[in-house]
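J.: Generate a structure from the sequence data that follows.
(chains A, B and C)
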Amino acid sequence: MDIKNSIITIKEPPLFSFEECIWFLDRNYDDCAHIVKQNAVWKALQLGEEQYLLKIYEKDNIINIEVLVGSVNTKSKKHIEGFITEWFDLNYDLAPFYNTLKKDKQLAYMYNDFYGLRLMGIPDLFESLCWCIIGQQINLSFAYKLKRKLVERYGTKLEYEGSSFYIFPDFKTLANASTEELKDMQFSAAKASYLISTAQAFEEGKLNKNILKTLPDVESRHNLLTSFRGIGTWTANYVLMKTIRDPNSIPHGDAGLFKSLINHNIIEDKKDTKNIKLFFERYKNMESYIVIYLWRSLAVR
DNA sequence: CACCAGGCGATTT
DNA sequence: AAATCGCATGGT
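T.: Okay, here's the model as predicted:
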């Protein structure tokens, strides 16, 4: 294959910072979903039957996607372009959000400090839900540690030039895992059971991205999600934000969100529901974006 | 040592 | 209906 053919390019949208986006992917944690180094991100993924390893970097306001592993043809090229566009939220117009942000006395600084940050998504619904279940109630460092154990045990490893890249386990594999195995890996009994029952819901066809996308509004999507064990309002809203890309999802009860709102003197404490409501009214239909920027503010470069 | 982490469901009041 | 509890473990 011609080397040139293995590089896919996408023109960057306005109000975009590749560097800010890929920095957010890790922000000093240890996410096994990708490797960020030298102004590039390496990402392994499954597209249909085939496995891919992508190296994504920026050059002259163009996103370059180098396909290191996997075959490139018209179909897979389109698939990869679609994946990156969705992951980086390239089709979203940030201008209305920035217009509102710049008028916000406490948060206007974010326009300069986090300029061009997009809502980095989790395109795969099963992966997204598992990540939420893992992260419930524990600190993020431990959550990433648990996720890595899960992925290294049940996922797919891709070796490339001495480095290992991992693809998140598919639901069939996790549906057949046992709670005992997961408990031995430091998952609580409850989390082990939620992960397996979620995987089984996918296997039985009761839950998938298409079902959610077909529902008419965010309330019905929220209600379907929370009808499953282990998926509460926080998880439902997180997934609607990161995977379904509803613009108006707020992960209510989120510890980081409270912390950020307190840091910015927007609320007194967690029980200050009145000011939380007032705050989000300023960001009508862009709630998901302001949440991402509030989370971003918790991380230190 | 206590208390909280990007919560949730079960149990008790 | 609302408040409380247990969960696994790491960090402060």
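
J.: rest of the way, CA atoms for contacts and neighbours
T.: Noted.

J.: Residue A:145 is in contact with residue A:33, isn't it?
T.: No. Under the criterion of C-alpha atoms under 8 Å, residue A:145 makes no contact with residue A:33, lying 11.8 Å away.

J.: between these two, who's got more neighbours?
T.: Neighbour count, other C-alpha atoms under 10 Å: between residue A:145 and residue A:33, residue A:33 has more, with 22 against 16.

J.: Now do the same contact list for that one.
T.: Residue A:33 sits next to A:43-44, A:165-168 when contact means C-alpha atoms under 8 Å, 6 or more residues apart in numbering.

J.: That one: what secondary structure?
T.: At residue A:33 the chain is in coil, as set by DSSP: H, G, I helix; E, B strand; the rest coil.

J.: does stretch A:292-301 come close to DNA strand C?
T.: No. Applying C-alpha under 7 Å from any atom of the strand, one finds stretch A:292-301 out of contact with DNA strand C, separated by at least 12.3 Å.

J.: Now that stretch: buried residues?
T.: For stretch A:292-301, burial by neighbour count (16 or more other C-alpha atoms under 10 Å) applies to A:292-297.

J.: Take these and keep only those in helices.
T.: A:292-296 (DSSP state H).

J.: of those residues, closest to residue A:20?
T.: When those are ranked by distance to residue A:20 (C-alpha to C-alpha), residue A:296 comes first, at 10.0 Å.

J.: Check the gap between the closest one and residue A:112 for me.
T.: The span separating residue A:296 from residue A:112 equals 13 Å under the rule C-alpha to C-alpha, to the nearest Å.

J.: repeat for residue A:122
T.: Separation of residue A:122 from residue A:112 (C-alpha to C-alpha): 25 Å.

J.: So between these two, which is more surrounded?
T.: Remark: of residue A:122 and residue A:112, residue A:122 carries more neighbours, 22 against 9, as counted by other C-alpha under 10 Å.

J.: How many residues are close by residue A:178?
T.: If you count neighbours by other C-alpha under 10 Å, residue A:178 ends up with 12.

J.: check contacts around it.
T.: By C-alpha under 8 Å, 6+ apart, residue A:178 lies in contact with A:192, A:196.
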